[in-house]
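Enquirer: Only the shape, not the letters, is given here:
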C-alpha cells in the first residue's frame, strides 16, 4: 500500500514545478532544467505567475491552471508561501508533493509551527509530502530527476535514501564520478510526512532496487522503523550509515546501564535485530552496497585469494582475517590442477600467487578452479599494476567466468589496483556486476557484511522473529504483571525517581527474581536481631537519601560474621556516612544475608526513547565501567537472543566454566534477563532497572540479585 | 654517512642499464624508456651486446665499455647472469646497483644461494645493492625513474618506501591519478643489502622529503630498525602500513603471554616507541602522509568544524570524537563575531554551520575567526556539492587564509565533497598544501595521527629515550645478573624447555621478586610438616611433567586450612591426576603458603625474534585470554613506560583504588615489570617468563608471584 502510494514520487504521469524560475541562479530553475536535461518523458508544468515560458516550456500562472495529467508537484517557493501552495495542490487533486523549500523545523519554533501547518494540510487533503527542506527525488530508470543538483547517475540497482540533502548531493556527484549505477536517490528532508521507514519499505518493493543504502541521523518512530526495516531486509539488503554516534550531551547519568548504553547502543541493537548492516564510513556504505547488489551471498566464511603479487595479497588476507573470515584451505585436487598451469615458482596454496608475467588466461583457469573447489565460499581476484597486458582484458575474463554456474553461490570481488590506468577496467567490471576496489584491504569488511547477511537470513528461516506478543509471555504466564502493578501502586510519592530498596525487593519477588533476605535497622539495637534471624555472615549497607554509589563513600561492609563485629561495623558506617551526608538523610543500615557464588554479573534495562526497553548484561561488580564487557539487546527478546547476549560477553562465556572453575547456572541468568525485560515491558512507568551484582551460583544453584535499583519516570513518580 | 651513500640511487651522475632491450615487451626496454621519457638529464648507457642503439641511445656491449660519468647501474638480466653483471659493475667502479631481476630468495633454496652470492660480491667490491626482485627507484625532483612502470608522480614532499614492488607500482598509478606529489618512491625487493631501516633513515635526510610513508612486511633487524626509525622520526614523520598482521601459523603456544602477543604486538610496541604512526589501510597511509607533509601539527586536541551542511558535519564530528579528539568550545567573542556575519538560522556553535547559500567570502571570514580563537587547535572546512559558486573559489580562499600567521600552528583540513565536480578544486587545494578529502569521516584518524605525533615529540623533549644502557641498571645495581647466571648454571638438563618450580623460585629470588614459601611433598607424609612450617592456609599444586595448565585438569586446590583437609585433598589431587597422567610423571604435590591480596595481574615476557624481550601486563588469573585486558612494551623500558603500561589496561587503572576498594601497591607492580624485563635482558637463554597470578597487596604491602613459569631456549637447555 505504502509502496504504491509512494511510487508516484518516482514514476509520475506529469510533474508541476511550483516556483519555477527563469533565473539560472534559482533552485526553481534547476529543477525544471533537471527534469528536461535528464529526460523525464512525461509533461512538465512550470508554475510561475510572472513568466510565459521557462526553458522552452509553457508556464502556468497557478497550479489550478495546470492541465491533466499531473500527479506530482515540487514546491520551491519561500517558506511563507509553501502552505498556500500545498493547499492549492490539494485542491487541484495532486496527492504527491515534494517540498524542497527550507525555513521550517530546522530554523526554530516559528519554522516548526509552519511545518505543523503543512502536516495538517497534508492530512486534510490526503497528500503525501516529501520534505520540507530536501533536494527531491531521482529515479534513474524512469528517468526522473526532481532535484536541482547537477548530475544524474546511470541506471543501476542501488537505492540511496538520505536524511541529509547535502549528503545526497555528494552521493550524486560521487555516482557521476565513479560510474556506479543507482535505481533511486531520495532526500527526505525534515520528514514532516513521509518517513525513512515508509520510504525504505516502499523502495524495497519497487522491483528494480537490489540493495538500499541509507544515510540516517535518527528514526522518526523506533518500532515502526524496526518492523518496516525487518520486513524489507528479508527481501532486500539494507545498509545504513548512522551519523551522530557521538558522546552526546553531558547529562548526568546515574546508572551504569545508562552510561554504557550512550546514544548508540539502542540503534546497534535495533539494526542487528532488523538484519540491517551498519557501515561506519561512506566508502564502506557503497563498497558493501555494490557487492550486495551485484554478487550472490557466500555460503560460508572461507575465502580464496588469487593474485599476481604477494604484497597485495597480504593486505587482503589481513583484512579478511581481521573481519573474522577464514582463508579457504583448498583441496589437494585444486592444488594439483593449479600446479600444472602456473609458473614453477608460483604458490598454489591460498593465497594463490600466479606471479607477475601471468596473463588473463591463467587468471581464467585459476578462478574457474577456485570457484569449483568445495572448500571455497568466495573469491577475491587481485591484479597489480603491470605492463604485461591491458587491465581491461582481465576485467572481461573475470566478468565472463563469473557467469559460470560454479559462481552461482560464490561471490567474486575484484581488486584491479591503482587509479590512473585502471579506469576502463573498472567500468567493464561494474557493467558486469563485479565490484572493483582500488586497494585490497576493502574486501575484508565487504565480505564480512555479506556473510553477516547470510547468517541473519539463515537464522530467519529457522525461527520466526519475535513479535510484540512475546513467546515468553506464555511461558511465564500473566502471573506477574498484576503483582508488578500492585507494587507500583503501593509506592508513596518519594522525591526522586528511585524506588526504595523495600519496593525493589517486592517488585523482583513478584517476577520471581531471588534477592537475599534484607531488613532495615534504623538503630544499632535492631541490627543484631535482624542478623540473627537471617543467619551470619551478613552485609551492611548504608540506608540514605540521594546516595547513588554507596561504595564510593565506604557505605558497604561485607562478610560480617559475629554480633560483636556487626555492632562495631554499624557504628563505623554511620560515623563514616555522617562525614558526607546530613544526619536527617541517614535512615539507618540495611542488614542483608551475604551471598557467595561463582561470578558477578550486571543486568540492566534502560528505556530508549525510540526503541523501548534496552537490556544490558555483562561483567558486574565494581568494575563495570572499567571493563566495559557488556552487550545490549532490545526487549522483547527470545530465550535464544538472551543466550546470544551471553555469548557476546566475556562474563557470559565464563559461565560455562573455565580452566577448572565449575560451570555456573547459566539458565538462571537467561531467566533473569528475560524477567527484567518483562518487567520493563509490563510496567511502562519504569524507565531504568539495574541489578549489580547478580550473583551466579554453581550450575543448578540459581542466581541472587544482591543489589538492585529501579527508577520511575519522574513525572509519574510525582503524580 | 648512509644517507650520502644511498643518495646516488636518486641523484646519479650517469646511469647504465644492463639488460637494456629493443623489445618494448621487455622490462629492460621499459627502464630505458622511463629514464628518457621522465627526463633524467644525465647520460644514459644501455648495455646490450646485441644492439647498437636503443630508443636512439648509443648502446654498449658491456659495462666495462661504458664511459664516465657513470655511478649507478640497473641490472635486468635473467637471474643466472646477475652475479657476473654485478661483479662487472664492481670492476668498473660502480658502487650503486639496482637489481631489478627476480629469481632469488623468493623462489626457494637455489634462489637464496644466488642471493647469498650477490651479497658476497657486493661486500667484496663495496657495492650498495637495492633488490634483487624490485622495481627500482624514483626521484621526482632529480628527476629520475629507474622503474619500468608507466607513470611518474609530480614532484612533492611525500616519500614512499615499499617492500612490495606490486604495491609500489599501484602507488605510482594512484599518484598519477590523484595528482598527489611525491619526492621519492623506492621498491626494496628482497633487501639483500640495502634494508628498510637504512633507506628510511637516508630519505629522512634528503632535504626534500617531509613525510615518509612505507609499506612493510617485516624488518630485517629489529634493533637497527628501532634506532634508525627513532632517529628519523624526530625530524620527519614516518607512517607505516604493516602487512601480515594476521593470526599467523598454528604453532602450539603454551603461555598466555605468547598467545596474546601473536605476531603483531612487538611491531606495535616498536612503532609506538619509535614514534611511528601505524596506518591500517592504504587510504589512511596517504591521508595521514598528506596532512603531515603539508600542515603544521595541532597544539592540542580541540577541533573546530566549519560547514555549509549539517549532515556532513555530523559525519566529521563522529569521526573526530571516535578518534579521541574533542570539539573546540569556541569563545563567546568568536560566537559574537560569527553571529554578525552569517544567516540568522546559521549555527555559531561548533560545528559552525553557515548553511547553503553562503559563499567563499563567508567561509574566509569564519575560517579566519576560528583560527584566531584560542580554544581551537585545528579546523576542518566542509563544503557540500552545490551550485551557488564554483568549488575552486572556496579552494582558493582556504589556500589563502591558510597562509595567515594565525594558521602557523593550526592545521586546516578540507572536505570539498563529491567526486565529479570537485576535481579542479582538489588540485588547487593540493597545490596550496591543504589536504582534501572526498568524505568527511576521513578527517578523524588523520587529525588523531597528527596529534599522536605532537604528543610523541613533546614527550621526547621532556625525557631522553631509553638507550641500551638502561637507567634501571644503575638503580638495581649489577647484583642480580651474577645471581641469575648462577641459577641458570645449576639447572640440570631437563627434557622440555621449562625450568623446574624450584629453579624459578631461585631465579625470582635473585631478582628480589617475592614468591610465597613453597616445598615439594613427594608423598603425603611430607605434606603436613611442610604446611606446618609455613603456616596455614596453604595451596596444593600438582607436580607433574608436561602439564601446562594445571587448573584444566583440576590440579590445584586453594585455601587448605587444616592438616586433616590437607591430607584428604592431597589424596584426591593424586587420584584426579592419575586419570590424566602416567604415574611415573607425577612427582608429588607442591605445598605453598596461600596469599591473599587486592587483585591478580599477569606479567610476562616473551623474546620476540626481531625486537627482543616483549613485556606484557594485564588482568591475571584464569580469565586472561577471555578478558584480553593486556598491553605490551619492549624491553628495556623506563619506570615511566612501565607506569604507562598500567595506565593502558583496566587492571592497571584499578590499582589506584576504585569505588571504595583501597589502592593496591602499584609501585611494587612497576618494580616487578622492570625486574622481569631485566631478567630477560640479562639472561638471553630465557625466552619466556610468565607470572600469573601476580598477587598485589594493599598499598605498601608489595606483591607476590604466586605462580611463575620460565622457559629456556630448547637448544640451550639441551646443551
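Expert: It's in. This one's a predicted model, so the numbers in the text were calculated from it and none came from an experiment.

Enquirer: Is stretch A:295-302 positioned near chain B?
Expert: No - if you take Cβ under 8 Å from any Cβ of the partner chain as the test, stretch A:295-302 misses chain B, and the best it gets is 13.7 Å. Just so you know, the C-beta spots here come from the backbone N, C-alpha and C atoms, and that holds for glycine as well.

Enquirer: Centroid-nearest residue for chain A?
Expert: Closest residue to the average C-alpha location of chain A: residue A:271 at 3.0 Å, with Cα atoms, centre = their mean.

Enquirer: so the residue sitting furthest away from the middle of chain A is in which element?
Expert: Distance from the centre of chain A peaks at residue A:564, with 55.8 Å (Cα atoms, centre = their mean). Using DSSP states H and E, residue A:564 falls within helix A:563-578.

Enquirer: For the next helix or strand after that helix, which strands pair with it and how are they oriented?
Expert: The C-terminal neighbour of helix A:563-578 among helices and strands, as given by DSSP H and E, is strand A:586-593. Strand pairing for strand A:586-593, using DSSP bridges, gives strand A:518-521 (antiparallel), strand A:538-544 (antiparallel).

Enquirer: Point out the most buried one among the ones you listed.
Expert: strand A:538-544 (a mean of 23; mean count of other Cβ atoms under 10 Å in any protein chain shown).

Enquirer: Please name the residues that touch residue A:631.
Expert: A:616-618, A:645, A:648-649, A:652 (Cβ atoms under 8 Å, 6 or more residues apart in numbering or on different chains).

Enquirer: Same list, the strands paired with strand A:586-593, but as a markdown table with distance to residue B:436 and mean pLDDT please.
Expert: A markdown table is the format used below for these (distance: least, Cβ to Cβ, whole Å; pLDDT from 0 to 100):
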| stretch | distance to residue B:436 | mean pLDDT |
| --- | --- | --- |
| strand A:518-521 | 63 | 90 |
| strand A:538-544 | 58 | 89 |
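
Enquirer: What separation is there between residue A:47 and chain B?
Expert: To chain B, residue A:47 is 21 Å away according to Cβ to the nearest Cβ, to the nearest Å.

Enquirer: was I right about that residue contacting residue A:18?
Expert: Yes - the criterion here is Cβ atoms under 8 Å, and residue A:47 meets it with residue A:18 at 4.5 Å.

Enquirer: The two - which one has more neighbours?
Expert: residue A:18 (32 against 26; other Cβ atoms under 10 Å in any protein chain shown).

Enquirer: and the stretch 151-300 of chain A, which of its residues are near chain B?
Expert: Residues of the stretch 151-300 of chain A lying near chain B (Cβ under 8 Å from any Cβ): A:151, A:162-167, A:169-170, A:172-174, A:176-178, A:215, A:217, A:241, A:243-247, A:280-283.

Enquirer: Can you name the residues that contact the residue in the stretch 51-200 of chain A that chain B sits nearest to?
Expert: Nearest residue of the stretch 51-200 of chain A to chain B, counting by Cβ to the nearest Cβ: residue A:164, 2.3 Å away. Shown in contact with residue A:164 (Cβ under 8 Å, 6+ apart): A:187, A:215, A:217, A:243, B:309-312, B:314.

Enquirer: one more time with 6 Å, if that's ok
Expert: Counting by Cβ atoms under 6 Å, 6 or more residues apart in numbering or on different chains, residue A:164 makes contact with A:215, B:311.

Enquirer: Can you report phi and psi for it?
Expert: phi -130, psi 120 (degrees, to the nearest 10).

Enquirer: rewinding a little: so what's the gap between the strand or helix carrying the residue nearest to the centre of chain A and the chain middle?
Expert: Using DSSP H and E, residue A:271 maps to helix A:265-274. In terms of Cα atoms, centre = their mean, to the nearest Å, the centre of helix A:265-274 is set 4 Å apart from its chain centre.

Enquirer: Give me the contacts around the helix or strand following it.
Expert: As assigned by DSSP H and E, the chain's next helix or strand after helix A:265-274 is strand A:277-279. For strand A:277-279, the surrounding residues in contact (Cβ under 6 Å, 6+ apart) are A:239-241, A:271, A:285, A:288, A:449.

Enquirer: quick check: domain ranges of chain A?
Expert: A:2-246+A:255-290, A:295-462, A:466-514+A:597-719, A:517-594 (automatic domain parsing).

Enquirer: which SS state does the spatially closest residue to residue A:649 that is not a sequence neighbour fall under?
Expert: In space, residue A:649 comes closest to residue A:618 once its chain neighbours are excluded; the distance is 4.7 Å by Cβ to Cβ, 6 or more residues apart in numbering or on different chains. Look at residue A:618: counting by DSSP: H, G, I helix; E, B strand; the rest coil, its state is strand.

Enquirer: where's residue A:618 relative to chain B, distance?
Expert: In terms of Cβ to the nearest Cβ, residue A:618 sits 12 Å off from chain B.

Enquirer: Does anything pack onto the helix or strand hosting residue A:87? Which helices or strands?
Expert: Per DSSP H and E: residue A:87 is located in helix A:79-92. Packing contacts for helix A:79-92, counted by 3 or more Cβ pairs under 6 Å, 6 or more residues apart in numbering or on different chains; DSSP states H and E, involve strand A:72-75, helix A:109-125.
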